[in-house]
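Chemist: quick check, what structure comes out for this input:
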Amino acid sequence: MILDLKPYPTMKDSGLPWLGKVPEHWEMRRIRNTVEMRVSNIDKHTKDGELAVRLCNYVDVYNTNFITEHLPFMRATATKEEIGRFRLESGDVLITKDSEAWNDIGVPAMVKYTAEDLVCGYHLALLRPRAGLLNGAYLLRALQSPSVAYQFHVAANGVTRYGLSHDAIKSVFLPVPHLPEQDAIVSFLDHYDRKIRRYIRAKQKMIKLLVEQKQVIIHHAVTRGLDPNVSLKPSGLTWIEQIPEHWSTSRLARLTSKIGDGLHGTPQYVDESHYHFINGNNLLRGKVQITQSTRCVCEDEYEKYKIHLDETTILLSINGTIGNVANYDGESIILGKSAAYINCGNKLSRHYLFFLLQSPEVGNLLRREATGTTILNLSLESIRHFPVLLPSLAEQAKIAFALEHETARFRELICKVELDIERLREYRTRLISDVVTGKLDVRGLDIPAADAEAPEECGDLQDIETALEDQEMVEEIPAEGD
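Modeler: A predicted model of the protein is given here:
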């Protein structure tokens, strides 16, 4: 795909079944023999008599590849001895040593930014490569390889929360080439990682623009109807000035048979079940998202707590994320308290309400009605008083039918872009694994000098134009197993 990469000319057995063969001149070393490891005990508390520090914590490591000055470090305190032991140095690699999932542990990030007051926080292990033996940037890439990371996964202990012991971390094997070769590997992977990330950012911007355009179409249809020449009248509402002259408005409670929220509590969990516990964050893209990560509930609990949802029901997220909407299509679910159900009456089509609730202005209205600071909450009373723009049932059906047709095009485009992103991420992982485990030889390649990488949140049309220049790279990504 990217270059005509070839395998190393001579290989040897690594002695590790999960790794297989490695280049003949590479060594296999345990982490204990390649780094100095320190496990931090500095927590997020502020204590009298201690020195002020900035804390690089679990989230900082988990959510990024590199520790830089742009991260919002937590403020805390530590003793002078703790600062001396856990102060970050350039080239250190931090890994997460706890997780709620056994296969989501040992996530690495490399330190690029240091300061006198910047220290490693709790729930992290600090790996400081030994000079002359290991490059911190290579260690980062090696730990990102699924083949190497799998050793953390199988060593994790726990039931509801998993952790790595000191010995488990130190016992992990690393493939270790000579330092100049480590540098070549890092230069190659960094270069193509930047290209792939730039393309992903542009694709994410495309999704954002498609969603915005879809919302514009929805908003116009549910506030003006389908007739561009319709006569308008004052709406009498604060959030929209005019509506079609023949429309009326009404409170949602008057148009529905029942409005309620989900279970205020925790159901019994079992390993295998046809029933699922659903919260507001499971309402995505207009559907109830049931995956392996949704918690299953036993049949007795389902029969005890199930709400009589039916073909008239719309589901709405009301806690944390406000305004996500989904059609209920017969799934065997129990709603959690962060989801509300709305059963439409004989004057309101649920298909029309489904689109009305997706209007950006309606979303803003719902969020303004929500209370809370760190976590927003939308009350059932606010939902019941929500003002509905009401055409006739026949016109509601026409609007819903037209929007279903129009938005289907956007769903297809968004799905295609998301698949592109997933494919790129999978290829990035495979590329890292193949290079750091010696399956591909990158020595002697002419890698361009590193260019300045745009911020992760970057997104404008220039991003898209730049990424389209790399389209050939994406289209040539081989399928898994090729």
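Chemist: low-confidence stretches in the protein?
Modeler: In the predicted model, the chain carries pLDDT under 70 at residues 1-3, 271, 292-295, 450-482.
Chemist: how near is the residue sitting nearest the centre point of the chain to residue 404?
Modeler: Among the residues of the chain, the one closest to the centroid is residue 63, at 9.2 Å (C-alpha atoms, centre = their mean). Between residue 63 and residue 404 the computed distance is 36 Å (C-beta to C-beta, to the nearest Å). For glycine as for every other residue, the C-beta is placed from the backbone atoms N, C-alpha and C.
Chemist: if we can go back for a sec, distance check, the residue nearest to the centre of the chain against residue 71.
Modeler: The span separating residue 63 from residue 71 equals 9 Å under the rule C-beta to C-beta.
Chemist: kindly report the same for residue 167.
Modeler: Here the distance between residue 167 and residue 71 works out to 30 Å (C-beta to C-beta).
Chemist: can you check residue 233 too?
Modeler: Separation of residue 233 from residue 71 (C-beta to C-beta) stands at 52 Å.
Chemist: more neighbours: which of those two?
Modeler: Set side by side, residue 233 and residue 71 give different neighbour counts by other C-beta atoms under 10 Å, the larger being at residue 71 (19 against 11).
Chemist: report the spatially closest residue to the more buried one, excluding sequence-adjacent ones.
Modeler: residue 60 (5.2 Å; C-beta to C-beta, 6 or more residues apart in numbering).
Chemist: am I right that the one you found falls within a strand?
Modeler: No: assessed with DSSP: H, G, I helix; E, B strand; the rest coil, residue 60 is helix; it does not lie in a strand.
Chemist: that one: how many residues sit nearby?
Modeler: Per other C-beta under 10 Å, the neighbour tally for residue 60 reads 20.
Chemist: that one against residue 73, yeah?
Modeler: Yes: look at residue 60 against residue 73 with C-beta atoms under 8 Å: they come within range, at 6.9 Å.
Chemist: which other residues reach stretch 140-147?
Modeler: Counting by C-beta atoms under 8 Å, 6 or more residues apart in numbering, the neighbours of stretch 140-147 from elsewhere in the structure are 18-19, 65, 93, 95, 106, 108-110, 148-149, 174-175, 185-186, 189, 429, 432-433, 435-437.
Chemist: 7 Å - rerun?
Modeler: 18-19, 65, 93, 95, 106, 108, 110, 148-149, 174-175, 185-186, 189, 429, 432-433, 436-437 (C-beta atoms under 7 Å, 6 or more residues apart in numbering).
Chemist: check stretch 88-103 too.
Modeler: Contact with stretch 88-103 is made by 39, 56, 58, 61-62, 67, 105-112, 114, 118-120, 123-129, 136, 139-140, 143, 153, 156, 161-164, 169, as judged by C-beta under 7 Å, 6+ apart.
Chemist: any idea how far apart the tips of stretch 380-398 sit?
Modeler: One end of stretch 380-398 sits 29 Å from the other (C-alpha to C-alpha, to the nearest Å).
Chemist: buried stuff in it?
Modeler: For stretch 380-398, a neighbour-count test (16 or more other C-beta atoms under 10 Å) marks 382, 383, 386, 387, 388, 389, 390, 391, 395, 396, 398 as buried.
Chemist: and what of stretch 224-244?
Modeler: Buried positions in stretch 224-244, judged by neighbour count with 16+ other C-beta under 10 Å: 224, 225, 235, 240, 243, 244.
Chemist: out of those, who's nearest residue 360?
Modeler: Each of the buried residues of stretch 224-244 was scored against residue 360 by C-beta to C-beta, and residue 240 proved nearest at 11.6 Å.
Chemist: so that closest one is in contact with residue 223, correct?
Modeler: Yes: Residue 240 is in contact with residue 223 according to C-beta atoms under 7 Å; the separation is 5.7 Å.
Chemist: the stretch 201-350 of the chain: helices as residue ranges?
Modeler: Counting by DSSP state H, counting those that start in this stretch, the stretch 201-350 of the chain forms helices over residues 299-305, 350-356, given from the N-terminal end onward.
Chemist: and residue 332, which of these is closest to it?
Modeler: Residue 332 lies closest to helix 299-305 among those, at 6.6 Å (C-beta to C-beta).
Chemist: if you count contacts, what does that closest one end up packed against?
Modeler: Here helix 299-305 touches strand 333-335, going by 3 or more C-beta pairs under 7 Å, 6 or more residues apart in numbering; DSSP states H and E.
Chemist: alright, I will stop here.
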